[in-house]
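# Return a 3D structure for these sequence lines:
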Amino acid sequence: MASGKDPVIIATRGSALALAQAHLVFDQCRVAFPGLRFEIKTIKTTGDRLQTVSLASANLPKGLFTKELEVALLRGQADLAVHSLKDLPTELPAGLKLGAVGKRADVRDVLIYRDGFAVGPGFSGFQPHLKSLPQAATIATSSERRRAQLLERRPDLKIIPIRGNVPTRLQKLAEQPAFDAIILAAAGLERLGFQISAEGRLSGDAVPEGLLATRLEPEEMLPCVGQAALGIEVRADDGRIVSICERLNHYNTQQCVTAERAFLKGMGGGCQIPVAAYAEVLGTQLRMRAVSFLGQGARRGEATRPMTEAVDLGLQLASQLRT
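The predicted model follows:
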């Protein structure tokens, strides 16, 4: 556990995206607390070691991308753990808590495809949408949420799994004709320095030539719980670190993801189940849309409550979609 003179240790996974996200928190800490020292510590997680295993497997342990970081926190080997909030289970180990939530980035998903990829009827301009994809196109994604929403809109599509970090997936798309497109999170692409031009061209370091991209609006692809937000996990009894987190927290984002995580918990599932939820701040209100594919077909819901009732909003929609 850090004393007043020790550096504050920020734990993270070792992927390029995880490191980029940890450095965002590191930079924020340095600005907010110029008198303190901060260091980043890289830790390999179970999810990093199981790159060839489908995320839909029922045998995967909980906390696939978080457990080893949490062990480091509990042992005093780290003081903050930076997570993609979508990967953080709703139930945390005893002694740990979500200390802060960073300001949310672009919440949308992105459809990425090869230049020259044929599009079906309904395509206009440079930006195809799901309805304009060719008949029986093959889309690669590791997400059950994305798979369910794709097949709801386009039952003819073929959905196959894909693993690996962002550059690896982009390289697979460029080189493997076995699939036509992939779907990634806009926030992850942005944090890795990738850009999408007005014409839909994807650019950035390690981007293969000839890839195009289009953002999918929430009306077309509802995001997963916590998407585009960073979660900072800490020891619940470490007052020094908890006070640091108070300066790092973005209240509006925190309330949104609190509602979403309450919904996920109310649905009784983990990060990989086929549900989606997205809360937005409207003045002093929270509006949340949600969808569940846990039963036969899709069940959708929407509700609005005061921002101070984030947990109740999530539980309300979970109850609605379970009945």
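# and the residue nearest to Asp205 when sequence neighbours are not counted, which of the three is it?
Distance criterion C-beta to C-beta, 6 or more residues apart in numbering; nearest residue to Asp205, sequence neighbours excluded, is Gly193 at 6.3 Å. In this view, the C-beta of every residue, glycine as well, is placed from N, C-alpha and C. The three-state label given to Gly193 by DSSP: H, G, I helix; E, B strand; the rest coil is coil.
# can you count the residues close to Gly116?
Residues lying near Gly116 (other C-beta atoms under 10 Å) number 7.
# ok, now Ser15?
Neighbours around Ser15, by other C-beta under 10 Å: 23.
# For Leu189, see how far away it is.
14 Å (C-beta to C-beta, to the nearest Å).
# tell me the centre residue of the protein?
Centroid check for the chain by C-alpha atoms, centre = their mean gives Gln227 as the closest residue, at 3.5 Å.
# can you tell me which residues contact that one?
Applying C-beta atoms under 8 Å, 6 or more residues apart in numbering, one finds that Gln227 lies in contact with Leu85, Lys86, Val107, Ala185, Ala187, Tyr278.
# List phi and psi for the first one.
Backbone torsions of Leu85, given as degrees, to the nearest 10, read phi -60, psi -30.
# Surely Leu150 and Ile139 touch.
Yes. At 6.0 Å, Leu150 counts as touching Ile139 under the criterion of C-beta atoms under 8 Å.
# what residues are shared contacts of the two?
By the contact definition C-beta under 8 Å, 6+ apart, Leu150 and Ile139 are jointly contacted by Leu157, Ile159, Ile183.
# what pLDDT does the second one get?
The predicted structure scores Ile159 at 97 on the pLDDT scale.
# Tell me which helix or strand it sits in.
Secondary structure assignment for Ile159, by DSSP states H and E: strand 158-160.
# Tell me the gap between the next helix or strand after that strand and the middle of its chain.
Scanning forward in sequence from strand 158-160 by DSSP H and E, the next helix or strand is helix 166-175. Relative to its chain's centre, helix 166-175 lies at 19 Å (C-alpha atoms, centre = their mean, to the nearest Å).
# For helix 166-175, name the packing helices and strands.
For helix 166-175, the elements it packs on are helix 16-32, strand 109-114, strand 138-140, strand 181-185, strand 211-216, judged by 3 or more C-beta pairs under 8 Å, 6 or more residues apart in numbering; DSSP states H and E.
# Is it possible to get the ones you listed out as a markdown table so that each row also shows distance to Val166 and mean neighbour count?
Shown next, in a markdown table, are those (distance: least, C-beta to C-beta, whole Å; neighbours: other C-beta atoms under 10 Å):
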| stretch | distance to Val166 | mean neighbour count |
| --- | --- | --- |
| helix 16-32 | 6 | 17 |
| strand 109-114 | 10 | 24 |
| strand 138-140 | 13 | 20 |
| strand 181-185 | 6 | 24 |
| strand 211-216 | 12 | 21 |
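# on that earlier part again, for the contacts of Gln227, which one is nearest Gln21?
Ala187 (9.2 Å; C-beta to C-beta).
# The closest one and Asp115, how far apart?
From Ala187 to Asp115 the distance is 24 Å (C-beta to C-beta).
# close enough to count as contact, Asp205 and Leu170?
No. In this structure, Asp205 is not within contact of Leu170 by C-beta under 8 Å, at 10.8 Å.
# tell me the mean pLDDT over stretch 170-180?
So the average pLDDT for stretch 170-180 ends up being 92.
# what sits up against that stretch?
If you take C-beta under 8 Å, 6+ apart as the criterion, stretch 170-180 is touched by 112-114, 117, 133-134, 137-140, 160, 162, 164, 181-182, 202, 206-211.
# unless I'm mixing things up, Cys245 is touching Leu80, no?
Yes. Here Cys245 reaches Leu80: they are 7.5 Å apart, a contact under C-beta under 8 Å.
# Mind listing the shared neighbours of those two?
With contacts defined as C-beta under 8 Å, 6+ apart, the residues shared by Cys245 and Leu80 are Gly99, Ile232, Val234.
# Identify the residues contacting the last one.
It refers to Val234. Going by C-beta under 8 Å, 6+ apart, Val234 touches Leu73, Asp79, Leu80, Ala81, Leu96, Lys97, Gly99, Ala100, Ile241, Val242, Cys245.
# again, but for the first one
Counting by C-beta under 8 Å, 6+ apart, Gly99 makes contact with Leu80, Ile232, Glu233, Val234, Ile241, Val242, Cys245, Leu248, Asn249.
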